[in-house]
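# A structural model of the following input is requested.
(4 chains)
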Protein chains: 2
Amino acid sequence: MSNSIKNIRIKDIAQMAGVSEGTVDRVLHNRGNVSLVAQAKVNSVLTKIHYKPNVLARSLGKVRNLKISVIIPEYRFDPYWGEVKFGIAQAQDEWNQYGVTIEPFYYLHDGNLSLEQVAKEALKARPNGMVLAPIFYPQAMTVIASLHEMKIPYVLFNTNIPESKPLSFIGQDLRKSGRLAGQLMGLDHKENDELVVMHIGESVKDSIYLMEKENGFKEFYNKERHPFKITSLNIDASEKSLSEAIVRLVKNKNIKGLFVTTSKSVATVASILLKNSRTDIRLIGYDMLKENLKYLKKGVISFLINQNPKRQAFVGISHMANHLLFKKNVPHTDLFPLEVIMQENIDSYVSSGIH
Amino acid sequence: MSNSIKNIRIKDIAQMAGVSEGTVDRVLHNRGNVSLVAQAKVNSVLTKIHYKPNVLARSLGKVRNLKISVIIPEYRFDPYWGEVKFGIAQAQDEWNQYGVTIEPFYYLHDGNLSLEQVAKEALKARPNGMVLAPIFYPQAMTVIASLHEMKIPYVLFNTNIPESKPLSFIGQDLRKSGRLAGQLMGLDHKENDELVVMHIGESVKDSIYLMEKENGFKEFYNKERHPFKITSLNIDASEKSLSEAIVRLVKNKNIKGLFVTTSKSVATVASILLKNSRTDIRLIGYDMLKENLKYLKKGVISFLINQNPKRQAFVGISHMANHLLFKKNVPHTDLFPLEVIMQENIDSYVSSGIH
DNA sequence: TTGGGATTTGTGTCCGCACACAGTTAAATT
DNA sequence: AATTTAACTGTGTGCGGACACAAATCCCAA
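The predicted structure follows:
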C-alpha cells in the first residue's frame, strides 16, 4: 500500500509544471532569468507538493575538497585539549569520506604561535569554514574580524563570544555549571564548613570565563542561604607555588570543600590531599581526564562535571560540515548538558564512545 | 598545497591496477568471475591505498523507500514510552529525506494488540529492518524467531535479549544503574537508616530486568559494607493499593530512602511523601518525565537517573538506517551513560535537544 | 522587416558507485 | 578447423541535483 511513495524529484516538478528541469532549478534557487509565467507555473506546483531535495544527490555533485580549519590551543601541555583533539580526529574520520578535509592548528598564548599568527596561517589556505576555540578574548576578536572580512563562516566552541555572530556556539552554561558544583558540594554539608573555589593555571588572568563558574557556585549558596564561608583563590600553575598553596590550605581544618574550576589541575590537588590525609575534603573538578578519573575512582575526587570536550569539538565540526555540505540549518547555540560523573557511573561514560 | 587530496575512486584504482572499473567492483564485492591475475593486480593496489567508498554516491542509486518498522509498547498509558515516541519522530525527520520510511507500531500486554499480533501486522508490510523494544520476554522470542526466519535484521533497545543475536542493542547496564542509585542514596547516609527498593507497576511480574536494578543497588552496599537495612517491595500500579502501600511505608520513621525502579511511578510516590510531610526521605527514580521533573524541582525527588528513552529510540533507528542505507558498521551494543539529573542540572538537560 | 542584444529556456554533463549487459578471450567439444 | 561453452572483462546507464552552455525566444531600434 504505502509501497511506492516515489519521492518527488525536480524532474517531476518540471513535468507537472510543464517547464524544463533547468527552469525549476532556477526557481528553487532563485537564480533569476525566469519569466513571470514560468515562475508562476512552477510556484503553483511547489505550493501543492512538498519538495524535499535529496541531500545525497545534491552533495554528490558538490565541490569536492571542502576544507574546514580547526584552531585550538596547543594540546601537548593540557590533556583537556588532548581530549578535544580526539574529537577532531573522530570528525575527520566521519567527514573525510564526504570529501571534507579538516585541518587542525594549535596556538599558544603568545609569540609566533599566538592565536593571531596561527589563524593567519590557517587562513592562507582559504578554508571554506573555521571552527575555533577562542580562549583568549582580544586575540580572538581580531581573528573573528578577519573571518567576517573574508566571509568565512565560523563556529565557536568551549568559550563563547556572543557579540561576534558565529554560525553556532557549542559549549556549556558556565554559571549553571558553578551552581551545580555548589549543589554537589552541599550534599553532605555541615554548618561551619568552609569552602574554597580555586582557579589554577596561567590562563587565569585572561580567562574571565572562569569567574562565571565561581559566580554560579556562590549564587547557589546565596539562594539556598546556606551558612557557608566561601573564599576563592587564584594560583599559578607553576609546580612549586601550586603545591605550597594547597598544602597551606589543607592545614586549615575548617575547610571541607574545594571546587577547582580548571580541569587539569584538580588531579594535582587530589594528590596533595591524599598525601596529607585530607580525603575528608570534598573535591569537585571538571572533566574526565585520565588523572582525574584515577582520583575519582580512589574517592579523593568526589565529583567531576563533564564538559565533554571531545564531543564539543566533534559537534562543532559537524555543524560546520552540515552547513557547508548539506546546507542544513544548525542551532545558533548548542549548550551541552552538565554531566555529573561519580564513582558509580564512570564506566558507563568511559565505555560509551561519543555521546 | 594540500589542495587536491582527491579522494581515491574506483576509477583510480582501476587505472592503477590496469584493469577496468567493473573488475575492481567485482573484487571489492567479491562477485566472482575474476581471473587470478586481475584479482592479484587489484588486491595489490587495495593493500597499498586505503579505499573509502563514497557513501553518498553508493546510496544514491539505491533502492528508494527503505522501510523500517518500530515496535514499542503503547505510549498513551506511560509517559516513558511517550518520550520514546518523540525519539521516533525525530528519527523520521532525519531519515525521511534519505528515502527511509519509519513505521511505528504499538503493543499491549496481551489480547489482539499483543506484541505477537502487532509484530505479525508489521511484518506483513515486509520491512527492510525492525527496531524493537522487547519488554515481554516470551512474546518477544517468538517475534525474534520470525525475524530470523524472514531474514529481517533487527535492533533491540531498552531491554536486551542477549541470547538472540540482534544487529545492535541500545540501552543501559541496569545493574550499574542500580549501583549508581546506591551511591546517590548513600551521599548523606546515617547509620541506622532503612532503605526501600520499590518496583511499581503491572509489568513487574514479567520484567525480570527490574531485579537487575535492585541487585545493583544492594551490590553497592555490600561492597561498601554500609550498615543499612534494605528491603524491597513489589506493588501493583492500581491507584488504591499503591497509595495505601506508600502511606504505610511512610509511617515508618526509620525509612530514609526510597529507590523506585520504574520511571513512571516515582511521581506518585513523591506526591504522597509531600502530603505526609516526609520530604526528609531521599527519593531516587528514573527519567525526565514531566511529572518527575516537577517533583525534582520541588526537591521531593533528590535524583533521577536518565535512561534517555528519546535518544535510545533515535539511535536505535539510526543504527538500522545506517546499516541498511550506508552499509555502515554499527556497534554490537551501545550502552548509554548513566546520567544523574538533579535540581541544578535539569535545565541543561531539558534545553539540549537530543544528546 | 530585419538585425542584434537581452532575456529566457532546454539540454547535457558531471559527481562516484552499482549493476546489467554486451563484448572479448580462451578453452573445450564436435 | 569450426563451433559451442565457459570464463572473464569492459562499457554503459541510472540514481537526483547543480550548473554550464547552447539554443530558442523576445523586444526594440534601424
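# tell me the domain ranges of chain A?
If you go by automatic domain parsing, the domain ranges for chain A are A:10-53, A:66-172+A:310-336, A:174-306.
# any residue of the second one touching DNA strand D?
Right, domain A:66-172+A:310-336. No. Counting by CB under 7 Å from any atom of the strand, DNA strand D is not contacted by domain A:66-172+A:310-336; separation bottoms out at 7.6 Å. Every residue, glycine included, has its C-beta placed from N, CA and C.
# mean pLDDT lowest where, among the domains of chain A?
When these are compared on mean pLDDT, domain A:174-306 scores lowest, with a mean of 86.
# quick one, what contacts A:Tyr80?
A:263-264, A:287, A:289, A:309 (CB atoms under 8 Å, 6 or more residues apart in numbering or on different chains).
# let me fix that, I meant to ask about A:Gly178.
A:Gly178 touches A:212-220, A:259, A:261, counting by CB under 8 Å, 6+ apart.
# swap the cut-off to 7 Å and go again
Counting by CB atoms under 7 Å, 6 or more residues apart in numbering or on different chains, A:Gly178 touches A:212-217.
# now the element after the helix or strand where it lies, going C-ward?
Taking DSSP states H and E as the definition, A:Gly178 sits inside helix A:174-185. Toward the C-terminal end, the helix or strand that comes next after helix A:174-185 (DSSP H and E) is strand A:194-200.
# in that next one, what counts as buried?
A:195-200 (16 or more other CB atoms under 10 Å in any protein chain shown).
# state the pair within the residues you listed that is farthest apart.
A:Leu195 and A:Ile200 (15.9 Å; CB to CB).
# one step back: got the angle for the helix holding A:Gly178 vs strand A:194-200?
In terms of direction (axes from the mean of the first three to the mean of the last three CA atoms, to 10 degrees), helix A:174-185 departs from strand A:194-200 by 140 degrees.
# restricting to C-alpha, output helix A:174-185 in CSV.
Only the C-alpha atoms of helix A:174-185 are listed here, as CSV (Å, rounded to 0.1, in the frame of the first residue of the first chain):
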residue,chain,number,x,y,z
LEU,A,174,29.3,28.0,33.0
ARG,A,175,27.3,29.8,35.6
LYS,A,176,24.9,26.9,35.8
SER,A,177,27.9,24.6,36.0
GLY,A,178,29.1,26.5,39.0
ARG,A,179,25.7,26.2,40.6
LEU,A,180,25.7,22.5,40.0
ALA,A,181,29.1,22.3,41.7
GLY,A,182,27.5,24.2,44.6
GLN,A,183,24.7,21.7,44.9
LEU,A,184,27.1,18.7,44.7
MET,A,185,29.3,20.3,47.3
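# figure out how far that helix is from the centre of its chain.
18 Å (CA atoms, centre = their mean, to the nearest Å).
# over to stretch A:110-121?
On CA atoms, centre = their mean, the centre of stretch A:110-121 falls 21 Å from the chain's centre.
# hang on, A:Thr101 in a helix?
No. A:Thr101 is assigned strand when assessed by DSSP: H, G, I helix; E, B strand; the rest coil, not a helix.
# isn't A:Ile102 up against A:Val70?
Yes. Counting by CB atoms under 7 Å, A:Ile102 touches A:Val70, with 6.1 Å between them.
# so for the two, which sits in the more crowded spot?
Shown here are A:Ile102 and A:Val70; by other CB atoms under 10 Å in any protein chain shown, A:Val70 has more neighbours (28 against 23).
# helix/strand/coil for that one?
strand.
# quick check: it vs A:Leu132, distance?
8 Å (CB to CB, to the nearest Å).
# the residue of the stretch 101-250 of chain A found nearest DNA strand D: what's it in contact with?
Per CB to the nearest atom of the strand, the residue of the stretch 101-250 of chain A with the smallest distance to DNA strand D is A:Asn128, at 12.9 Å. If you count contacts by CB under 7 Å, 6+ apart, A:Asn128 has them with A:66-68, A:324.
# hang on, A:Arg76 is in a strand, isn't it?
No. A:Arg76 is assigned coil when assessed by three-state DSSP, not a strand.
# how much space separates it from B:Leu258?
Plainly put, A:Arg76 is 49 Å away from B:Leu258 if you go by CB to CB.
# more neighbours: which of these two?
More crowded of A:Arg76 and B:Leu258, by other CB under 10 Å: B:Leu258, with 26 against 10.
# contacts for the helix or strand in which that one is found, please.
Using DSSP H and E, B:Leu258 sits in strand B:255-260. Defining contact as CB under 7 Å, 6+ apart, one finds that strand B:255-260 is touched by B:181, B:185, B:190, B:193-198, B:200, B:217, B:249, B:266, B:269, B:281-285.
# that strand pairs with which strands?
strand B:194-200 (parallel), strand B:282-286 (parallel) (DSSP bridges).
# which strands and helices sit next to whatever helix or strand comes next after it?
Downstream of strand B:255-260, the first helix or strand assigned by DSSP H and E is helix B:266-275. Where contact means 3 or more CB pairs under 7 Å, 6 or more residues apart in numbering or on different chains; DSSP states H and E, helix B:266-275 is packed against helix B:239-251, strand B:255-260, strand B:282-286, helix B:290-298.
# hmm, 6 Å instead?
The contact analysis (3 or more CB pairs under 6 Å, 6 or more residues apart in numbering or on different chains; DSSP states H and E) places helix B:266-275 against helix B:239-251, helix B:290-298.
# for B:Gly61, find the nearest of these.
Short answer: helix B:290-298, nearest of the helices and strands packed on helix B:266-275 by CB to CB, at 44.9 Å.
# can you check what angle separates the closest one from helix B:266-275?
Using the same axes, to 10 degrees, helix B:290-298 lies at 40 degrees relative to helix B:266-275.
# quickly check: helix B:290-298 near chain A or not.
No. Helix B:290-298 is not in contact with chain A by CB under 6 Å from any CB of the partner chain; minimum separation 11.9 Å.
# what's that helix packed up against?
helix B:266-275.
# centre of the chain to the helix it packs on, how far?
27 Å.
# hmm, who's touching it?
B:243, B:246, B:260, B:279, B:281, B:283, B:285, B:291-292, B:295, B:300-301 (CB atoms under 6 Å, 6 or more residues apart in numbering or on different chains).
# specify the angle between that helix and helix B:239-251 in degrees.
50 degrees.
# quick check: buried residues in helix B:266-275?
B:266-273.
# which one of these sits closest to DNA strand C?
Closest to DNA strand C, out of all of the buried residues of helix B:266-275 and judged by CB to the nearest atom of the strand, is B:Val266, at 48.7 Å.
# without its sequence neighbours, what residue ends up closest to the closest one?
B:Gly285 (2.9 Å; CB to CB, 6 or more residues apart in numbering or on different chains).
# check contacts around the residue in the stretch 201-350 of chain A that DNA strand C sits nearest to.
Proximity of the stretch 201-350 of chain A to DNA strand C (CB to the nearest atom of the strand) peaks at A:Leu325, 13.2 Å away. Contacts here follow CB under 6 Å, 6+ apart; on that basis A:Leu325 touches A:Ser59.
# which phi and psi does it have?
Dihedral pair for A:Leu325: phi -90, psi -50, per degrees, to the nearest 10.
# before we move on, the earlier item: could you export the buried residues of strand A:194-200 as a markdown table, including distance to DNA strand D?
What follows is the buried residues of strand A:194-200, written out as a markdown table (distance: CB to the nearest atom of the strand, whole Å):
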| residue | distance to DNA strand D |
| --- | --- |
| A:Leu195 | 56 |
| A:Val196 | 57 |
| A:Val197 | 52 |
| A:Met198 | 53 |
| A:His199 | 49 |
| A:Ile200 | 50 |
